[in-house]
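>>> my questions are about this predicted structure, shown below with the sequence.
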Amino acid sequence: MAQYSPNVMASSFICAARHNPSGEFIICGDRRIRWKEFTPRVLKIANALIGLGVKKGDKVAFMFHNTPEFLEVNAGIQAAGAVPAPMNYRFIPREVEYQGNHCDAHVFIYDSIWAEAVEAASSKLTKIKHWVTLGASNISGAFPYEEFVASGKEDDPGVATGREDVAVMIYTGGTTGFPKGVMLTYGAHVDMFSTLLAAALQRTLTMDMPKDRHKKVVEHLPLPAKSVLGPILRTRVAKKFFARESTFERLRETMYKRFTDPDEAKKAYGQARKYAYPSMPFFHDASYANLMMGMMSGSMIVVLIPSVKFDPALTLEVIQNEEVAQVSNVPTGWKKLVDFPGIDKYNLEAVRVCTTGGGVCPAPLKKKILRAFPNALVLDAFGQTEMTPVTSFRFDWNPDDIKDRSVGRSIVEVKVVDGEGKELPKGEVGEILYKSSTVMKGYYKDDEKTSEVLSDGWFRSGDLGYVDEEGEIRTVDRKKECINTGGEKVFPLEVEQVIEEHEKVDTVCIIGVPDDEWGNAIRAVVVLKDGQQMGPREVMDFCRGKIAGYKIPRSVVFTDELPYSPVGKMLRQKIRDLYGAPEAA
């Protein structure tokens, strides 16, 4: 295996800078950063960190939104052999204090636009010895960011890393207590990338679709001589060949080489495509894993939206002007984008893949995405941080064939079990368990919680679902969200999807509230579309005939907005705290 450095990440960067120096890696507004500019800064950051006493395996905390600095700081930490611990930039001081202390970092790097929370917590971050800030800082002795970068040498520090080393520590959302530090290795990332891309190639090349649509799909694939291959790939013989398990294994081996041998990776430098993540914050693994993929392969151009807040108009403008090939959003981000009144004014024909993840993407929303992006497939990826993170995915291109709440076939070993751990047959709902080399190394400093979710190599996902007759995973809800009412089980997502079909409703959250008769009663917390009005009875009547009577809300609360996590997930516990009292209706 060719090595440009004993360090997994530095080897990739150095190869890209040497063999594709003028190739763009990051685009952010007017900033266009090429590999020959990115790599030297990464190595300087790595050496600057080592100069501050950072050693292999040490954690380094940092807080940036989706900016070029996030990528170069993260890469510099890895090139130093240390472990990045990215922090949610929406944290309040108490949360900054918790993660900053829990991760045991001695260095904290942050953007001053998040100074209010960081600096308010700084006096209680007793383990932090060195502060680095982009912009003004009120912390005594804080290193100005550019001076910090300039202080490091441009040489490769040569800190060896390998498959079993922790590549990053991603903190979970903390919806039930404080967040947990999930340790993910380099090997887990490589194995997930290799399997995912091999499966994506196999599935796209064996899909039945019209000639013109298939041609557009092939244009996006990392294949040579596409003009010649295209007609061949549409033949029955080719589809039969690509459907074979042996072909899949060859594809996976090829992809594995691309992520472990820089000399193999460089063959694809000329096939670089532009990827954008408008509503996916990089501190979350839904998008972080994609950054790792781009940095290790050297064949991804990351297009950043120069705005802290999700801006549909700006996002569409960037997608159009940069001719972005793949766009990834959480479902709430997609909803805001496709419902934007002026979307028809933009040319979005360059987009070939619309990826959704970080939550359930309802079938009606997928149909809107396909209408808005006429040349694209919808890639619905499912999983969780502890699995690095993708466990299954599904492609959709035909609005008539979309299966509601299907997240496709698994790319890892999967089973569905009942409350006693007994495996269930197809069609029966239970907890989804996974087994794979992509599973986390564990929760940092928490063996007890690690053992609660890991047993005999199986990871307990906490997701309820079932495997349908075609072998696809159908999600139902999170296990902890199930509401017991009068002896019956109600899954909030099912009720929410029904109510959101109402033309006046924007979003809704279903919660259970204490009830003397039923134990828990179903309540809908509803946000209406602008200018709309309706009463509780209208919501209840709309549900009749669409779901069983015991699932129909017994009370309805209207509000102007609902709280969401940075990756677009409704914060149900906060909603329960706000609207869960029996007298709230």
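Done, it's in.
>>> and the residue nearest to residue 186 when sequence neighbours are not counted, what does it touch?
Leaving out its chain neighbours, the residue that sits closest to residue 186 by C-beta to C-beta, 6 or more residues apart in numbering is residue 167, at 4.5 Å. The C-beta positions use only the backbone N, C-alpha and C, and glycine is treated the same way. By C-beta atoms under 8 Å, 6 or more residues apart in numbering, the contact set of residue 167 is 8, 78, 83-84, 161, 184-186, 188-189, 292.
>>> pLDDT weak spots in the stretch 451-585 of the chain?
Applying pLDDT under 70 to the stretch 451-585 of the chain flags residues 584-585.
>>> one more time with 90
Along the stretch 451-585 of the chain, the model assigns pLDDT under 90 to residues 476-482, 484-489, 491, 493-494, 515-520, 548, 564-573, 582-585.
>>> next, residue 195: secondary structure please.
Assigned with DSSP: H, G, I helix; E, B strand; the rest coil, residue 195 falls in the helix class.
>>> surely it meets residue 249?
No. Counting by C-beta atoms under 8 Å, residue 195 sits too far from residue 249 to count as a contact (10.3 Å).
>>> higher neighbour count, these two?
For residue 195 and residue 249, the more surrounded residue by other C-beta atoms under 10 Å is residue 195, and the numbers stand at 21 against 11.
>>> now do the contacts for that one.
When contacts are counted by C-beta under 8 Å, 6+ apart, residue 195 touches 252, 255, 411-412, 438.
>>> now do 6 Å
If you count contacts by C-beta atoms under 6 Å, 6 or more residues apart in numbering, residue 195 has them with 252, 411.
>>> next one: the one 10 residues further on
Remark: with contacts taken as C-beta under 6 Å, 6+ apart, residue 205 is in contact with 233, 242.
>>> how about it, phi and psi?
Backbone torsions for residue 205, taken as degrees, to the nearest 10, come to phi -80, psi -10.
>>> quick one on the thing from earlier: name the element the residue nearest to residue 186 belongs to?
Assigned by DSSP states H and E, residue 167 falls within strand 166-171.
>>> tell me how far that strand lies from the chain's centre.
How far strand 166-171 lies from its chain's middle: 14 Å, per C-alpha atoms, centre = their mean, to the nearest Å.
>>> what does stretch 144-154 give?
With C-alpha atoms, centre = their mean, you get 31 Å for stretch 144-154.
>>> how many residues are close by the nearest residue to residue 452 once chain neighbours are set aside?
In this structure, residue 452 finds its nearest non-sequential neighbour in residue 460, 7.6 Å apart by C-beta to C-beta, 6+ apart. Residue 460 has 17 neighbours, counted by other C-beta under 10 Å.
>>> my read is residue 460 is in a helix, agree?
No. Residue 460 is assigned strand when assessed by three-state DSSP, not a helix.
>>> quick revisit: pLDDT score assigned to the residue nearest to residue 186?
For residue 167, the pLDDT comes out at 98.
>>> residue 396 too?
Per-residue confidence (pLDDT) for residue 396: 95.
>>> now do the SS call for the residue of the chain most remote from its centre.
Largest separation from the mean C-alpha position in the chain: residue 517, at 41.2 Å (C-alpha atoms, centre = their mean). Here residue 517 is recorded as coil under three-state DSSP.
>>> what's it sitting at in phi/psi?
Dihedral angles (degrees, to the nearest 10) for residue 517: phi -90, psi -40.
>>> how much space is there between it and residue 486?
Per C-beta to C-beta, to the nearest Å, residue 517 is found 8 Å from residue 486.
>>> let's have the contacts of residue 167 in CSV, adding neighbour count and pLDDT.
Compiled in CSV, these are given as follows (neighbours: other C-beta atoms under 10 Å; pLDDT from 0 to 100):
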residue, neighbour count, pLDDT
8, 25, 97
78, 29, 98
83, 26, 98
84, 24, 98
161, 25, 98
184, 27, 98
185, 22, 98
186, 22, 98
188, 25, 98
189, 22, 98
292, 25, 96
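>>> with distance to residue 534 and secondary structure as extra columns, can I get the residues you listed in JSON lines?
Converted to JSON lines, these look like this (distance: C-beta to C-beta, whole Å; DSSP: H, G, I helix; E, B strand; the rest coil):
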{"residue": "8", "distance to residue 534": "55", "secondary structure": "helix"}
{"residue": "78", "distance to residue 534": "52", "secondary structure": "helix"}
{"residue": "83", "distance to residue 534": "50", "secondary structure": "strand"}
{"residue": "84", "distance to residue 534": "47", "secondary structure": "strand"}
{"residue": "161", "distance to residue 534": "57", "secondary structure": "coil"}
{"residue": "184", "distance to residue 534": "45", "secondary structure": "strand"}
{"residue": "185", "distance to residue 534": "51", "secondary structure": "strand"}
{"residue": "186", "distance to residue 534": "52", "secondary structure": "helix"}
{"residue": "188", "distance to residue 534": "48", "secondary structure": "helix"}
{"residue": "189", "distance to residue 534": "47", "secondary structure": "helix"}
{"residue": "292", "distance to residue 534": "46", "secondary structure": "helix"}
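>>> ok, these vs residue 418, which is closest?
Ranked by distance to residue 418 (C-beta to C-beta), the contacts of residue 167 are led by residue 188 at 28.4 Å.
>>> that closest one reaches residue 438, doesn't it?
Yes. With contact defined as C-beta atoms under 6 Å, residue 188 reaches residue 438; the gap is 4.6 Å.
>>> quick one: common contacting residues for these two?
With C-beta under 6 Å, 6+ apart, residue 188 and residue 438 have common neighbours residue 388.
>>> quick one, strands of the stretch 401-550 of the chain?
For the stretch 401-550 of the chain, the strands defined by DSSP state E, counting those that start in this stretch cover 409-410, 413-417, 430-435, 442-443, 454-455, 458-467, 473-478, 483-485, 488-490, 505-515, 519-528.
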